[in-house]
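Got a predicted model here, sequence first, then my questions.
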Amino acid sequence: MPAVALSRAGARVVESCVDGPGVTAEGWARLEALPDPRSPQGRVYPLACLVAVALCALTAAGHDRLSAVGQWVKRASQADLARLRAPWDPIAGRYRAPDEKTVRVVLDRLDPQALSRALLGPRPARTPAAGAAGDGLPATTVRVWRSRRAKAVAAVAARSRLPGVALDGKTSRGARRPDGTRVHLLGVTEHAGRFLDQVEVDVKHNETSHFTDLLAPLDLSGTVVTFDALHTVRSNLDWLVTTKKAHYIAVIKANQPKLHARVKALPWAAVPTAATTREAGHGRLETRTIKTAHVADLDLPHAHQAIKITRRRQDTRTGKTTRETIYALTSLSATHATGADLARLARDHWSVEAGHHIRDVTFTEDHATSRTRHGPINLATIRNTVINAIRDAGYLHIPEGRRDHTTPTEALHLHRLIT
């Protein structure tokens, strides 16, 4: 048999026989189910292998670009390449490592929706002990942070009774389409911080037109959906309650002047404070108070309560104080949610903003210039998957988790959690 034919025959994916941690069989099954956009002729690397390489490479601290993926895989050992199910070259007698261009071309062509469904979404609940990374990861790599973990445990208990998801858009400032417009993504996140899904907002549409497309595949029965004033659209809210059996907290601003005026004119001075929270951090002291009032006959489907949130912030260095008032409507009645519940749900909407901040600061997404075809949204999906895996491992801070999983073996160990 000619050497070239032998090399191609041996370049098919092989099942790893190397002992050690790797992505689980369920995770591989989801990756292997992805539709391959490449021509069957001349394929060398399995699609699942290339996606796993990108996923593990972008986990490492400082590896934020596709060029870093090529550098990372060059440093991978033969055992690591076997766990990644790289093809075996019988002529060279070793596993082959893909180069940067191979990974880049695949991510440019791969269906973003299929990749998001394979990597993101809810996962079975894990209960690692405080200070432990869980799933076989060494507990010494995760800092204890007892007070913060105690607060997180209390939040998890509250969310289990009345769960919520947050919806928000993000612009990838470094990525531009051929016509010069920026790539804009609309994402949904659990209030605990896990990314569930995202879609690219077409240049001819806005976020509101993708509201139902993004939420339709999710099981939202009994879940509270939070979003900013842009998504306070009557048809979308009616669909959310009647079709998805979910609840909402809809922010009301001046973009709906009549509705905003009616909510603002309610006799709030006579309404007692339902809940008050105080926090210190980021160089400021913040006090948030919430008032709720039963409403009827408002021009918003299924609205049962009006909410007034007052935020008072004091700069600890200058002493300057600012005050902000936000009005909202919710489909939750007083029997379903207390004032404390509504305060938590409104505050937890920040989880989606926090995820966007992590992608910008920790992964420098706004400086990434990958812009061809589906590359920007697929890279964002991989970054979201890395964040999910690090959080599932028990880390409170994403940079710490990336530093602990810089080598190929460590990254593969971490991404056992993508299932």
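Structure received.

Only alpha carbons, please: show the helix ranked longest in the chain as PDB.
Under DSSP state H, the helix in the chain containing the largest number of residues is helix 375-392. Taking Å, rounded to 0.1, in the frame of the first residue of the first chain, the C-alpha atoms of helix 375-392 are listed here in PDB:
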ATOM      1  CA  GLY A 375     -15.700  32.500  14.300                       C
ATOM      2  CA  PRO A 376     -16.700  35.300  16.800                       C
ATOM      3  CA  ILE A 377     -19.800  33.600  18.200                       C
ATOM      4  CA  ASN A 378     -18.200  30.100  18.300                       C
ATOM      5  CA  LEU A 379     -15.300  31.500  20.300                       C
ATOM      6  CA  ALA A 380     -17.700  33.300  22.600                       C
ATOM      7  CA  THR A 381     -19.400  29.900  23.100                       C
ATOM      8  CA  ILE A 382     -16.100  28.200  24.000                       C
ATOM      9  CA  ARG A 383     -15.300  31.000  26.500                       C
ATOM     10  CA  ASN A 384     -18.700  30.600  28.100                       C
ATOM     11  CA  THR A 385     -18.100  26.800  28.300                       C
ATOM     12  CA  VAL A 386     -14.700  27.400  30.000                       C
ATOM     13  CA  ILE A 387     -16.400  29.700  32.600                       C
ATOM     14  CA  ASN A 388     -19.100  27.100  33.300                       C
ATOM     15  CA  ALA A 389     -16.500  24.400  33.800                       C
ATOM     16  CA  ILE A 390     -14.400  26.400  36.200                       C
ATOM     17  CA  ARG A 391     -17.400  27.400  38.200                       C
ATOM     18  CA  ASP A 392     -18.600  23.800  38.300                       C
END
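
Which strands and helices lie in contact with the helix or strand just after that helix?
Past helix 375-392, further along toward the C-terminus, the next helix or strand under DSSP states H and E is helix 398-404. Other helices and strands packing on helix 398-404, by 3 or more Cβ pairs under 8 Å, 6 or more residues apart in numbering; DSSP states H and E, are helix 375-392. C-beta: built from backbone N, CA, C; applies to glycine.

and the helix it packs on, average pLDDT?
Mean pLDDT, computed over helix 375-392, is 88.

How far does it sit from its chain's centre?
Distance, stretch centre to chain centre, for helix 375-392: 7 Å (Cα atoms, centre = their mean, to the nearest Å).

Remind me what it packs against, helices and strands.
helix 47-57, helix 100-109, helix 112-119, strand 164-176, strand 182-190, strand 195-200, helix 350-361, helix 398-404.

relative to helix 350-361, how tilted is it?
120 degrees (axes from the mean of the first three to the mean of the last three Cα atoms, to 10 degrees).

what about the strands in the protein?
Using DSSP state E, the strands found in the chain span residues 88-89, 94-95, 164-176, 182-190, 195-200, 224-227, 247-252, 275-281, 284-294, 305-315, 321-330.

Could you tell me how far the nearest residue to T287 once chain neighbours are set aside is located from T325?
Once flanking residues are discounted, T287 sits nearest to R312: 4.6 Å by Cβ to Cβ, 6 or more residues apart in numbering. The spacing between R312 and T325, counted by Cβ to Cβ, to the nearest Å, is 10 Å.

Compare the two (neighbour count), which wins?
Using other Cβ atoms under 10 Å as the criterion, R312 and T325 rank with R312 on top: 15 against 12.

I'd assumed T321 was in contact with that one.
Yes: between R312 and T321 a contact is recorded at 6.6 Å, counting by Cβ atoms under 8 Å.

who's in contact with stretch 45-56?
12-13, 23, 28, 31-32, 34, 36, 38, 66, 69, 72-73, 84-87, 96, 98, 102-103, 106-107, 110, 115, 119, 382, 385-386, 408, 411-412, 415, 418 (Cβ atoms under 8 Å, 6 or more residues apart in numbering).

mind running it again at 6 Å?
Applying Cβ atoms under 6 Å, 6 or more residues apart in numbering, the contact partners of stretch 45-56 are 13, 31-32, 34, 36, 69, 73, 84-86, 98, 103, 106, 382, 411-412.

In the stretch 301-419 of the chain, where is pLDDT below threshold?
367-372, 415-419 (pLDDT under 70).

80 - rerun?
364-373, 405-419 (pLDDT under 80).

Low-confidence stretches in this protein?
Looking at the chain by pLDDT under 80, you get 1-27, 42, 61-62, 64, 121-161, 172-183, 202-205, 281-282, 364-373, 405-419.

ranking the strands of the chain by burial, who's on top?
Comparing these by mean neighbour count (mean count of other Cβ atoms under 10 Å), strand 224-227 comes out on top with a mean of 27.
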